[in-house]
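Asker: Predicted model, plus sequence, below.
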Amino acid sequence: MGVPDLRDLLALDVQTRLALVQELWDSIVADAQAGTDLPLSEADRSELDDRLREDDEHPDGSVSWAEARARLRSER
C-alpha cells in the first residue's frame, strides 16, 4: 500500500482530516499498547524517564487528566 500524496490529504475538508488524524493516533496508541517499540530519540527517552522519575518521587505534584481538562475548559 502506497502512502497518499500530502497534497491530496491537505485538500480534504477539515472534518475528514480530523477523523484521519484521530484514526492515525488511535493506531499508534494501539501499537504502543501491543508492545511495539515507538521511535524515540535518546533525548525524548531521557525526558520521559525524568518525568516518570519525578512522578514516582512526588506523586502529589501532578493532577489527573480529568482535573487538567476541567481547568482548561474553565479558562475559556
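Answerer: Great, that's in hand. Numbers count the residues shown, from 1 in each chain.
Asker: going forward, measure contacts between C-alpha atoms and count neighbours the same way
Answerer: OK.
Asker: ok, residue 21 - contacts?
Answerer: By CA atoms under 8 Å, 6 or more residues apart in numbering, no residues touch residue 21.
Asker: That one: helix or strand, and which one exactly?
Answerer: helix 14-33 (DSSP states H and E).
Asker: Rounded mean pLDDT for stretch 59-76, please.
Answerer: Per-region confidence: stretch 59-76 scores 89 on mean pLDDT.
Asker: Looking at the residue nearest to the spatial centre of the chain now. What's its pLDDT?
Answerer: For the chain, the residue sitting closest to the mean C-alpha position, by CA atoms, centre = their mean, is residue 25 at 7.0 Å. pLDDT, residue 25: 94.
Asker: Tell me the spacing between it and residue 75.
Answerer: Between residue 25 and residue 75 the distance is 26 Å, computed by CA to CA, to the nearest Å.
Asker: With only the CA atoms kept, save the helix holding residue 21 in PDB.
Answerer: Extracted in PDB, the C-alpha atoms of helix 14-33 (Å, rounded to 0.1, in the frame of the first residue of the first chain):
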ATOM      1  CA  VAL A  14     -11.300  19.700   7.900                       C
ATOM      2  CA  GLN A  15     -13.700  17.200   9.400                       C
ATOM      3  CA  THR A  16     -12.200  14.400   7.200                       C
ATOM      4  CA  ARG A  17      -8.700  15.400   8.100                       C
ATOM      5  CA  LEU A  18      -9.500  15.500  11.800                       C
ATOM      6  CA  ALA A  19     -11.100  12.000  11.500                       C
ATOM      7  CA  LEU A  20      -8.000  10.800   9.700                       C
ATOM      8  CA  VAL A  21      -5.700  12.200  12.400                       C
ATOM      9  CA  GLN A  22      -7.800  10.500  15.100                       C
ATOM     10  CA  GLU A  23      -7.600   7.200  13.300                       C
ATOM     11  CA  LEU A  24      -3.800   7.500  12.900                       C
ATOM     12  CA  TRP A  25      -3.300   8.500  16.600                       C
ATOM     13  CA  ASP A  26      -5.500   5.600  17.700                       C
ATOM     14  CA  SER A  27      -3.500   3.200  15.600                       C
ATOM     15  CA  ILE A  28      -0.200   4.500  17.200                       C
ATOM     16  CA  VAL A  29      -1.700   4.000  20.700                       C
ATOM     17  CA  ALA A  30      -2.800   0.500  19.900                       C
ATOM     18  CA  ASP A  31       0.700  -0.300  18.600                       C
ATOM     19  CA  ALA A  32       2.300   1.100  21.700                       C
ATOM     20  CA  GLN A  33      -0.200  -0.900  24.000                       C
END
